[in-house]
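Asker: Here is my input, please return the structure:
(2 chains)
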Amino acid sequence: QQQVRQSPQSLTVWEGETAILNCSYENSAFDYFPWYQQFPGEGPALLIAIRSVSDKKEDGGFTIFFNKREKNLSLHIKDSQPGDSATYFCAASGTGGYKVVFGSGTRLLVSP
Amino acid sequence: DPKIIQKPKYLVAVTGSEKILICEQYLGHNAMYWYRQSAKKPLEFMFSYSYQKLMDNQTASSRFQPQSSKKNHLDLQITALKPDDSATYFCASSQADRGETLYFGSGTRLTVL
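Answerer: Residues are numbered from 1 along each chain as shown, chains lettered A, B, ... in the order given. Purely as a prediction, here's the structure:
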């Protein structure tokens, strides 16, 4: 059972464009949604996160848009740079557990 | 300096053997985790520990046994290795007991021949 789904699996954008990565979830108990960025050969690192009480979170050029009713969220990467090329994971966690569930990831390539 | 140390970085083992993956964290966190990443199942949750106690176990096989000798250590013993165990194993830690923000090590890439 895939509790967190991501799309697309891979995405290519030109430098300067906005990349949009999508995520949806099934479990209504999830209330915290972090996005992690992973470069080859490294572990994932927290990029930005949102709680379900908010519908938008911005940090630098990264913005999360959250729709609780539809159980989906998206990560917008504004003015994408080649250095943003990485795999991005949407994740979710909720009360009562010690488990963060990850989506399958979106591999982003920013072409110069 | 890396705050979560995983050793070794690369590991090659033969089918049927046993290996131990080492993880130490120096972030002062009280919760630690193991995740596995492969082409088939990216970032699959395995175990979570809080204050050296097992909190959640999503690994069906008893061949995987976490070992916590100290609060900041969580090793992973894998017995009777199979080629399907080939993956990168990530250790992570968190401050809050709910495991909200995870901090990952750089992983141990295990290849079972």
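
Asker: Any residues of chain A in contact with chain B? List them.
Answerer: A:32, A:34, A:36, A:41-46, A:49, A:89, A:93, A:95, A:97-102, A:104-105 (CB under 8 Å from any CB of the partner chain). Any C-beta I mention is one placed from the backbone N, CA and C, and that applies to glycine too.

Asker: State the mean pLDDT of the helix or strand containing residue A:75.
Answerer: Counting by DSSP states H and E, the element that carries residue A:75 is strand A:72-77. For strand A:72-77, mean pLDDT rounds to 98.

Asker: That strand packs against which elements?
Answerer: strand A:19-25, strand A:45-51, strand A:62-67, strand A:86-94 (3 or more CB pairs under 8 Å, 6 or more residues apart in numbering or on different chains; DSSP states H and E).

Asker: For stretch B:63-77, what is the distance to the chain centroid?
Answerer: Taking CA atoms, centre = their mean, to the nearest Å, one finds stretch B:63-77 lying 8 Å from the centre of the chain it belongs to.

Asker: Would you mark the buried spots in that stretch?
Answerer: Within stretch B:63-77, the residues that count as buried by 16 or more other CB atoms under 10 Å in any protein chain shown are B:64, B:66, B:68, B:71-76.

Asker: circling back: show me which of the residues of chain A next to chain B are buried.
Answerer: A:32, A:34, A:36, A:43-44, A:49, A:89, A:93, A:98-102, A:104-105.

Asker: Spell out which residues of chain B are next to chain A.
Answerer: B:4, B:31, B:33, B:35, B:42-45, B:48, B:50, B:55-56, B:58, B:90, B:92, B:97-107.

Asker: now, which of the residues you listed lie within strands?
Answerer: B:4, B:31, B:33, B:35, B:44-45, B:48, B:50, B:55-56, B:90, B:92, B:103-104 (DSSP state E).

Asker: could you point out where chain A is predicted with low confidence?
Answerer: For chain A, the stretches with pLDDT under 70 are A:1-2, A:96-98.
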